[in-house]
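**Student:** have a look at this fold, sequence not included:
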């Protein structure tokens, strides 16, 4: 009976801890994305959450530990999107298009992710390299594309001189550009790449580009 009562008492505490950490990560994501690693302030994150600076350090160890947790969280979100695509149920060209369009949708609706990736590139990925979780789990982005490309090559519909890393680079470059270069592009060309009226055509374009590249017979 006492064990049962103990479980009842501990469960809310555990649930509160999970909610608190989620809240911290949500606010920290916005803070790091807006101000970078050096400019972000743990005091500011604590002030905007329902906790204290001491508890942030209790959960994450340090500012760098919190930053790494933020990076792991945002990378996990795009990998989760990819895991939701059942490529085995699609033809190779349809699977490739679906991956490209899903990546585009994620990147253009998660500006903080692109900002954090840009910040981490400024730091030459020195923090990201410390995360075995990111390095391990992001390998699935390539294995997913490898599966699709291999099926397309075997079927005779895809060229065999472009690998999964090349395709991932193409998709990421196009999707990231819309967010990373949004404001400079708009200032120069007077076009907002994230204008809602453009999203259907821009989404379709990345699918067209990747499928056309992989099915280009002239390049074989």
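**Tutor:** That came through, no problem. All values derive from a computational prediction rather than experimental measurement. Numbering: from 1, shown residues only.
**Student:** from here on, contacts and neighbour counts on C-alpha atoms
**Tutor:** Noted.
**Student:** give me the element the residue nearest to residue 126 when sequence neighbours are not counted is part of.
**Tutor:** Nearest non-adjacent residue to residue 126, counting by CA to CA, 6 or more residues apart in numbering: residue 120, 7.4 Å away. According to DSSP states H and E, residue 120 maps onto helix 111-122.
**Student:** any idea of the mean pLDDT in that helix?
**Tutor:** If you average the pLDDT over helix 111-122, you get 97.
**Student:** any buried residues in the helix or strand following it, and which?
**Tutor:** Going down the chain from helix 111-122, the next helix or strand is helix 132-137, by DSSP H and E. Using 16 or more other CA atoms under 10 Å as the test for burial, helix 132-137 gives 133-134.
**Student:** contacts for helix 132-137, please.
**Tutor:** 71-72, 75-76, 79, 128-129 (CA atoms under 8 Å, 6 or more residues apart in numbering).
**Student:** helix or strand for residue 18, which one?
**Tutor:** Short version, using DSSP H and E: residue 18 is in helix 2-39.
**Student:** show me what the very next helix or strand once past that helix is packed up against.
**Tutor:** As assigned by DSSP H and E, the chain's next helix or strand after helix 2-39 is helix 42-47. Other helices and strands packing on helix 42-47, by 3 or more CA pairs under 8 Å, 6 or more residues apart in numbering; DSSP states H and E, are helix 2-39, helix 53-60.
**Student:** quick one: contacts of helix 42-47?
**Tutor:** Defining contact as CA under 8 Å, 6+ apart, one finds that helix 42-47 is touched by 24, 27-28, 31, 52-53, 56, 63.
**Student:** that one - what's its average pLDDT?
**Tutor:** For helix 42-47, mean pLDDT is 96.
**Student:** where does this structure dip in pLDDT?
**Tutor:** Along the chain, the parts satisfying pLDDT under 70 run over 1-13, 218-220.
**Student:** list the contacts for residue 174?
**Tutor:** Applying CA under 8 Å, 6+ apart, the residues near residue 174 are 104, 206.
**Student:** can you give me the buried ones in the host helix or strand of it?
**Tutor:** Using DSSP H and E, residue 174 sits within helix 164-180. Buried residues in helix 164-180, defined by neighbour count with 16+ other CA under 10 Å: 164, 167-168, 171-172, 174-176, 178-180.
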